[in-house]
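In: predicted structure and sequence below. I'll ask about it afterward.
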Amino acid sequence: MDRTFLMVKPDGVQRGLIGEIVARLENKGLKIVAAKFEKLPEERVMEHYAEHVEKPFFPGLKSYITSGPCFLMVWEGKNVVSITRQMIGATNPAEAVPGTIRGDYALEIGMNVIHGSDSTETAEREISIHFKPEEISGYERIDEKFLYE
Ligand code: DAT
Ligand code: MG
């Protein structure tokens, strides 16, 4: 089954949006298989955002993402990467359509509430950066026979 890495960023935590975000994903039929609450150490931020470290916005991104605790999760489900990217919405909340998490809960690109892996390869990489294999617990949801044909 496909897996992805999702993370409620410090603004989402401070604004009390963890429950709302988790509820949306659970209601969709996706399955949470790992979660933890932590303030990201700087080295892990560099690794997680390796593709962005040279970009002009990186210093701001780094101080924002380390400004408080994040809620880190692994989610599982068929096509989970593309489904969650759609549920999250465009990177810039000003362009994210209503109904998406960023479209409903954020205004500006520098504080866009949630991170989600953008491909299955990225997901695998990000999961391994943030979680040890033993921190991930597979199980069956009792409604799976009404979610999967
Ligand atoms: P996404 O989070 O949608 O995958 P991304 O990987 O391109 O977007 O960028 C990572 C984060 O960096 C993004 O959530 C917000 C920030 N960011 C991206 N582009 C930015 C920009 N032009 N100015 C400020 N912050 C930016
Ligand atoms: Mg990205």
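Out: Everything's here; your move. Ligands and ions are numbered 1, 2, ... in the order given.
In: contacts for stretch 90-99?
Out: Outside of stretch 90-99, the residues within contact range by CB atoms under 8 Å, 6 or more residues apart in numbering are 88-89, 100, 102-109, 112-113. C-beta: built from backbone N, CA, C; applies to glycine.
In: buried ones in that stretch?
Out: The neighbour-count check on stretch 90-99 (16 or more other CB atoms under 10 Å) flags 93, 96 as buried.
In: got the end-to-end distance for it?
Out: 11 Å (CA to CA, to the nearest Å).
In: all strands for this protein, in order.
Out: All strands of the chain, identified by DSSP state E, fall at 3-8, 31-38, 70-76, 114-116.
In: any chance of a markdown table for these, columns mean neighbour count, distance to ligand 1 and mean pLDDT?
Out: Below are the strands of the chain laid out as a markdown table (neighbours: other CB atoms under 10 Å; distance: least, CB to the nearest ligand atom, whole Å; pLDDT from 0 to 100):
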| stretch | mean neighbour count | distance to ligand 1 | mean pLDDT |
| --- | --- | --- | --- |
| strand 3-8 | 24 | 10 | 99 |
| strand 31-38 | 16 | 19 | 98 |
| strand 70-76 | 23 | 13 | 99 |
| strand 114-116 | 22 | 6 | 99 |
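In: you'd agree residue 40 is up against residue 68?
Out: No - checked against CB atoms under 8 Å, the pair residue 40 and residue 68 is beyond contact range at 9.8 Å.
In: what about those two, which has more around it?
Out: With neighbours defined as other CB atoms under 10 Å, residue 40 and residue 68 compare such that residue 40 has more, 22 against 13.
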